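J.: Can you look at this prediction? I've put the sequence above it.
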Amino acid sequence: MKVNLHIYAKVFIPFICNSESEVISMENAGETPSGEKEFAQSTKHIREIIEHPEISEEEFREMLKSAPFGYTKGLPYKTYSICPETRSIVQALVWEKNGMVWITKKCPEGMLTEVYYEDADMFKRFSRWTYDWKLTSFNVENTGANCPLDCGLCQRHYSHTSLLNIVLTNRCNLSCWYCFFYAKEGQPIYEPTLDQIRVMLRNAKKEQSIGANAVQFTGGEPTLRDDIIEIIKIAKEEGYDHVQLNTDGIRLAFEPEFVKRIREAGVNTLYMSYDGMTPQTNWKNHWEVPLILENVRRAGGPGIVLVPTTIRNVNDHELGAMINFGLNHLDIIRGVNFQPLSMVGRVPTKERQRFRITIPGAIKKIEEQTNGSIARDDWYAIPIAGHIARFFEEFTGKRYYMTSHFACGAATYVFLDGEEVIPIPRFIDVEGFVEFLEEKAEELSNWKRLGKLQKLKVGGEIFLKFKNFYDEKYAPKSFDVLSIMKNAFARGSYDALGEFHHKTLFLGMMHFQDEYNYDVQRVERCVIHYAMPDGRIVPFCAFNVIPELYRDKVQAQFSYSWEEWKALHPDWDYKKDKYIRTKEFIERMKNSELYKKTYLNLKWYF
C-alpha cells in the first residue's frame, strides 16, 4: 500500500513536519543543533509512566535471604549492583511483580527499585539461552573480585570482544544538550595517535582464544579527524574483517567523495544516529538524511544501520515508522538497532518513570505500531547467535561467539516479500533448530577431520533436518530460502548468504545499563568493549557508567590541553568543527524532490 506520510502522520506520527516542529527547526537555524528545545517540546505531553512497586527493607531482606545467586534458577535471584551516589557494590534482588521484572538494592543513600524488564514471560523465555565461554588471556591481573571497579579484561570475564570500540576524538560537530562527553571550547582534546590506535587494535586481536575481529570507530564525531581514512586502513591492515563507523552522518551529507573514500578504505557499516521520523524527534540529522542516503547509494555503500536512542514519551510512538522507513530504503539500510535510553548520572525517580523503556517495552510498542506484523514472539535472545556461531565456525573457520547476557539485547530479521513483511521466526523455528545444532555439536567438532565426501554427507543430513524446522507455507514466495540453506549446508557455499542479507532488514535491541538497573552479571558477559591507550580493554557498561575510573580518567591522562592542541594545530578553529544548519538549507531540503522521496512518498508495509 502506498501512503503519503503527510496523511499517515495525522494518525500515527503527531509531529511529522507540522508547523510546530518546523517552527522549532527555524528557530534553531543558524545555530549548532543541540536538541534542547525539541526535547522540551516532546516532553510537554506525557502519555504514560512506569509505576514502581513498593517493597519494604524487611521484605527485601527476606527475599534476598532465600533467593539463589544468578538467573539460571529463575526468579527471584541475587546479583550485585552499583549504588548511584556512593558507588558502593551491594547485593541486589531481581524479582517479579505485576508481570514485570524489577531490581532492588539497599544503598547507603536508601532503598532503590528500578524496572529491569517490562515483560516477565519474555524474561523467562530469553533466560533459557546462555552460551558459556571464558577468556584464557587477560589484560590485567585482577581476580575480578571487585567487579566492575577493576576491569581490564580480567579472568572473571565470560566473553571475548565481539565488537571493539575505539574513541577517536572527543571533538563533535553537534552540541547535544545532554552530552558530557564532547569537548567544549577551552577543554582538553582527546585524540589518540595513529600508533596508539594500532596498539589498541593489536591488543584486542591478541585475546585468547578468540581475538577481536570487528571494530567500531566512535567519538565524539569520528569523521572530524582528517586522518580517518588512514585509521580505517590501519584496522584492515591489522586483520579486522568488519569496520564500523559510528556517526551522525553530517559530513557524509555534504561530501559525496568522502563516502566513496571510506567505503574504498574498508568501512563495512555506517552506524548512524537516527532518532525518529520528524525534525522534532530526530533533530540531529533529519534534514541531512536525504543527502546521506543519496550519497551512500551513489557510492555503492557502505550499508547503513539506523540507531535510534529510544525514550518513553519522546520517540517511542515512532518505532514502527522507523522500521517502515528502513524497509523503504532496503537497498542501503541493513538494519535498525534500537537502544533504550541509558540514564547515566543522577536521575530522579520521576524522570526515570517518565523516560525509562526496556527491551520488551519497545518490542510491545513495535507490535502495536506494526499491527502485529512484527510481534513479541518474533524476537529472540542474543546468546542464540553464539550457538549458531559454534556451528558455522566448523564451516568457515571464523569464530564469533555472542556470549552476552540474555538481558543485554534481542534481535530478529524481517523479509520483505513483495509488500508483505515476514519475520524469520514465522517460517523458521529458530530456537528448535538451535537446539538441534547443540545436539549435533560433538559430531560437528570433528568436521575439520572429515573428508570432502563426508562433509557433504553431514551437511546434507543437517539440511534435511533443517527442513523439519522450516514452514514453507509462511516462507517468502519471492525468495528461495531453502535453496540458499542447501548451498550453505550441503555444498559449503556461502555466496548466496549475501543475497539473504540484502533481502532482509535486521532489527535489534541493545539496552546499555546505568547505575539504577546495573547488574554485574551482565557486565561479566559484555561483548562490546572499549580499548584504551593504557592497554586495558573495558566492557561498555563499566566504561560509560563509571567514567571516573575508566573513560574520563584515562582520556584526561592522554588528552592534550587546549593550549597544546592549538599549538599542534595552528590552523584549527573550534567553531569550524561545529555544524551550522541554516534556514536556507531547511527550506531548500523541505521543498526538494529528494526530501519527498526520502520521507513522504513511502509505502506503508504494516
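T.: Good, I have the coordinates.
J.: hey, let's count contacts and neighbours off CA atoms from now on
T.: OK.
J.: Could you list the low-confidence segments of the stretch 401-550 of the chain?
T.: By pLDDT under 70, the weakly predicted segments of the stretch 401-550 of the chain are 401, 441-450, 452, 455-456, 488-500.
J.: Going along the chain, name the strands of it.
T.: Taking DSSP state E, counting those that start in this stretch, the strands of the stretch 401-550 of the chain run over residues 409-417, 420-423, 504-510, 528-531, 537-539.
J.: Could you do the stretch 101-250 of the chain as well?
T.: Using DSSP E, counting those that start in this stretch, the strands of the stretch 101-250 of the chain run over 110-117, 163-167, 214-218, 242-247.
J.: one step back: among the strands of the stretch 401-550 of the chain, which is nearest Leu437?
T.: Comparing the strands of the stretch 401-550 of the chain against Leu437 with C-alpha to C-alpha, the closest turns out to be strand 409-417 (18.8 Å).
J.: could you dump the strands of the stretch 401-550 of the chain to TSV with distance to Val347?
T.: Formatted as TSV, the strands of the stretch 401-550 of the chain follow (distance: least, C-alpha to C-alpha, whole Å):
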stretch	distance to Val347
strand 409-417	23
strand 420-423	37
strand 504-510	21
strand 528-531	25
strand 537-539	22
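J.: tell me the most buried of these?
T.: Greatest average neighbour count among the strands of the stretch 401-550 of the chain goes to strand 537-539 (a mean of 28), per mean count of other C-alpha atoms under 10 Å.
J.: partners of that strand in the sheet?
T.: Partners of strand 537-539 in the sheet, by DSSP bridges, are strand 528-531 (antiparallel).
J.: So this protein: which segments form each domain?
T.: In terms of domains, the chain is parsed into 9-50+248-340, 53-117, 359-510 (source: automatic domain parsing).
J.: Arrange the ones you listed in CSV, one row each, with distance to Tyr550 as further columns.
T.: What follows is the domains of the chain, written out as CSV (distance: least, C-alpha to C-alpha, whole Å):
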stretch, distance to Tyr550
domain 9-50+248-340, 22
domain 53-117, 14
domain 359-510, 21
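J.: Packed most tightly, which of these would that be?
T.: A comparison of the domains of the chain by mean neighbour count, using mean count of other C-alpha under 10 Å, puts domain 9-50+248-340 on top with a mean of 20.
J.: Any idea how far it is from the middle of the chain?
T.: 15 Å (C-alpha atoms, centre = their mean, to the nearest Å).
J.: One more: stretch 580-587?
T.: 30 Å.
J.: Tell me where the stretch 401-550 of the chain has helices.
T.: Taking DSSP state H, counting those that start in this stretch as the criterion, the stretch 401-550 of the chain contains helices spanning 430-439, 441-445, 452-466, 481-489, 495-502, 520-524, 540-543.
J.: Tell me which of the ones you listed lies nearest to Ile197.
T.: Smallest distance to Ile197 across these (C-alpha to C-alpha): 17.5 Å, for helix 540-543.
J.: contacts for the closest one?
T.: Residues from elsewhere that reach helix 540-543 (C-alpha atoms under 8 Å, 6 or more residues apart in numbering): 148-149, 151, 512-514, 523, 526, 528-530, 549-551.
J.: if we can go back for a sec, distance to Leu330 added to the helices of the stretch 401-550 of the chain, as TSV?
T.: Formatted as TSV, the helices of the stretch 401-550 of the chain follow (distance: least, C-alpha to C-alpha, whole Å):
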stretch	distance to Leu330
helix 430-439	23
helix 441-445	35
helix 452-466	27
helix 481-489	18
helix 495-502	8
helix 520-524	33
helix 540-543	30
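J.: Minimum distance to Arg261: which of the ones you listed has it?
T.: Nearest of the helices of the stretch 401-550 of the chain (C-alpha to C-alpha): helix 495-502, 22.3 Å.
J.: and Asn173, what does it touch?
T.: Contact analysis of Asn173 by C-alpha under 8 Å, 6+ apart lists 32, 221, 224, 577-579.
J.: what about 10 Å?
T.: Shown in contact with Asn173 (C-alpha atoms under 10 Å, 6 or more residues apart in numbering): 32-33, 182, 220-224, 248, 250-251, 574-580.
J.: swap in Thr193?
T.: 168, 199, 231, 533, 558.
J.: distance of the second one from Ser137?
T.: When you say that, I think you mean Val199. Separation of Val199 from Ser137 (C-alpha to C-alpha, to the nearest Å) stands at 17 Å.
J.: Check the offset of stretch 59-67 from the chain's centre.
T.: 34 Å.
J.: In PDB, please show the C-alpha coordinates belonging to that stretch.
T.: These are the backbone C-alpha positions of stretch 59-67, laid out as PDB (Å, rounded to 0.1, in the frame of the first residue of the first chain):
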ATOM      1  CA  GLU A  59      10.600  -7.800  52.600                       C
ATOM      2  CA  PHE A  60      13.700  -7.200  50.600                       C
ATOM      3  CA  ARG A  61      16.000  -8.900  53.100                       C
ATOM      4  CA  GLU A  62      13.600 -11.900  53.500                       C
ATOM      5  CA  MET A  63      13.500 -12.400  49.700                       C
ATOM      6  CA  LEU A  64      17.300 -11.900  49.400                       C
ATOM      7  CA  LYS A  65      17.900 -14.500  52.200                       C
ATOM      8  CA  SER A  66      16.100 -17.300  50.200                       C
ATOM      9  CA  ALA A  67      17.000 -16.300  46.600                       C
END
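J.: Other residues contacting that stretch?
T.: The contact list for stretch 59-67 (C-alpha under 10 Å, 6+ apart) reads 56-58, 73-79, 91-95, 104-106, 111.
J.: which ones among the residues you listed are found in helices?
T.: Of those, the ones assigned to helices by DSSP state H are 57-58.
J.: I'd like the distance between Glu472 and Phe427.
T.: Going from Glu472 to Phe427 by C-alpha to C-alpha gives 7 Å.
J.: Apologies, that question was intended for Val347.
T.: Computed with C-alpha to C-alpha, the distance linking Val347 and Phe427 is 43 Å.
J.: now Ala120
T.: Going from Ala120 to Phe427 by C-alpha to C-alpha gives 25 Å.
J.: got the contact list for the most centrally placed residue in the chain?
T.: Centroid-nearest residue in the chain: Met510, 4.7 Å away (criterion: C-alpha atoms, centre = their mean). Met510 is in contact with 307, 309, 337-341, 358-359, 382, 407-411, counting by C-alpha under 10 Å, 6+ apart.
J.: What residues are bridge-paired with the closest residue to Pro76 other than its chain neighbours?
T.: Leaving aside its sequence neighbours, Pro76 sits nearest to Trp95 (C-alpha to C-alpha, 6 or more residues apart in numbering; 4.4 Å). When bridges are called by DSSP bridges, Trp95 pairs up with Trp102.
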